[in-house]
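S.K.: here's my sequence, what's the structure:
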Amino acid sequence: MPPFATLLAAGGAVLAPMAGYTDAPFRRLARHYGAAWAVSEMVSARALALGDDAGLAISAPHPGERDVVLQIFAAEPAEAAAAARRLFAAFAPAALDLNMGCPVRKVVQRGCGVELMRDPRRAAAIVGAIGAAVPVPVTVKTRLGLDRVAVREVVAAVVEAGAAAVAVHGRTAAQKYAGEADWDAIAEVAASVDVPVIGSGDVGDAGAYRRARARGLGVMVARAALGRPWVFRELLGGRAPSPEEVVAVSWRHARDHVAWYGGERALPRLRGQLSAYAERLGVGRGPFVRVATLDDLADAWRTGVGIDPREPRVAALDPFDHTLPRCPKLVRRRERRLAA
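M.R.: Down below sits the predicted model:
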């Protein structure tokens, strides 16, 4: 991966890490539509350090995936370093990202996520340990603070420890996703450090993207990309998709999901995304939150908008000419269970 500043200058927003969403099938679509790079779902450094392979399956890039950044959440430097070494040995990612923004209780109670903002020294020690463990850049994603804006001290600490870029969600942990993102506060962070700062929050159209870039900030997109991977094309001034393209992309996403996870039993995990695709066309969520098979999805689209994803005119809009293979890490986990 080129330096982050170079990638951002070339244009394009970054796909944010989102637990349960930014897996290989979705990252593939986001990159196709113009994401500058994509960040994986977060995985537990402690679990990886203790030898659990689940995090490897969650992080796994698809064949040929480039510039992938893998995210971990950690509370201890030694565990973070051990996890980083495992991820690098398995996948040689372009960078590793430390989650310092997750406000979910089960993460915070472990001293991870946004809880690290309370202790800049520990956060810096974790960044330093990861940097010493692997020969790739370390990045950080954080929030503006816990219950008030108080981000500059911790950002200064992680940058001094070697963070090559920092992403800042323009809300506090107490806000979660309520209210408006504070891009003035993000810009103040950027003015205080000499590494690229990437803002996140409420960027869903080309105007918002241009305003952020005019301030010298990178842009990270999270919820606005759900059921809308083409948002990265739109942010750069590209066209909105036709209804047929929305259906074709959702169909590709579902087929890749089924192939990657080894069967239709995985489809319920995609229902949130499928419902978001439906909402883009003003269709009710009902049939999409009950999808259990690919036939169910085809029926939902035929009933909802009168478009069959298997029709040749729709299939011609498929962004890819091949389906993803089974996730190799899931194959190996299954083989080990059968051999046990």
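
S.K.: contacts and neighbour counts: CA atoms only from here.
M.R.: Noted.

S.K.: next, the buried residues of whichever strand or helix holds Arg313.
M.R.: Arg313 is part of helix 312-315, with elements assigned from DSSP states H and E. The neighbour-count check on helix 312-315 (16 or more other C-alpha atoms under 10 Å) flags 314-315 as buried.

S.K.: again with stretch 87-97
M.R.: For stretch 87-97, by 16+ other C-alpha under 10 Å, it's 87-88, 92-97.

S.K.: could you pull out the strands for this protein?
M.R.: Secondary structure of the chain by DSSP state E: the strands cover 14-15, 38-44, 68-73, 95-100, 138-143, 165-169, 197-200, 218-221.

S.K.: who are the packing partners of the second one?
M.R.: Read that as strand 38-44. Strand 38-44 is packed against strand 14-15, helix 24-32, helix 54-59, strand 68-73, with contacts defined by 3 or more C-alpha pairs under 8 Å, 6 or more residues apart in numbering; DSSP states H and E.

S.K.: which one of the buried residues of stretch 87-97 is nearest Glu41?
M.R.: The shortest approach to Glu41 among these belongs to Asp97, at 10.3 Å (C-alpha to C-alpha).

S.K.: got the contact list for the closest one?
M.R.: Contact partners of Asp97, counting by C-alpha atoms under 8 Å, 6 or more residues apart in numbering, are 39, 69-72, 138-141.

S.K.: got TSV for those residues, with neighbour count and pLDDT too?
M.R.: Output for the contacts of Asp97, formatted as TSV (neighbours: other C-alpha atoms under 10 Å; pLDDT from 0 to 100):
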residue	neighbour count	pLDDT
Val39	24	97
Val69	23	97
Leu70	29	98
Gln71	27	98
Ile72	26	98
Val138	29	98
Thr139	26	97
Val140	24	98
Lys141	25	98
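
S.K.: can I see the domain layout of this protein?
M.R.: Taking automatic domain parsing as the domain assignment, the ranges for the chain are 12-235, 243-339.

S.K.: how about those domains in a markdown table, adding distance to Ala5?
M.R.: Listed next are the domains of the chain as a markdown table, based on distance: least, C-alpha to C-alpha, whole Å:
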| stretch | distance to Ala5 |
| --- | --- |
| domain 12-235 | 6 |
| domain 243-339 | 28 |
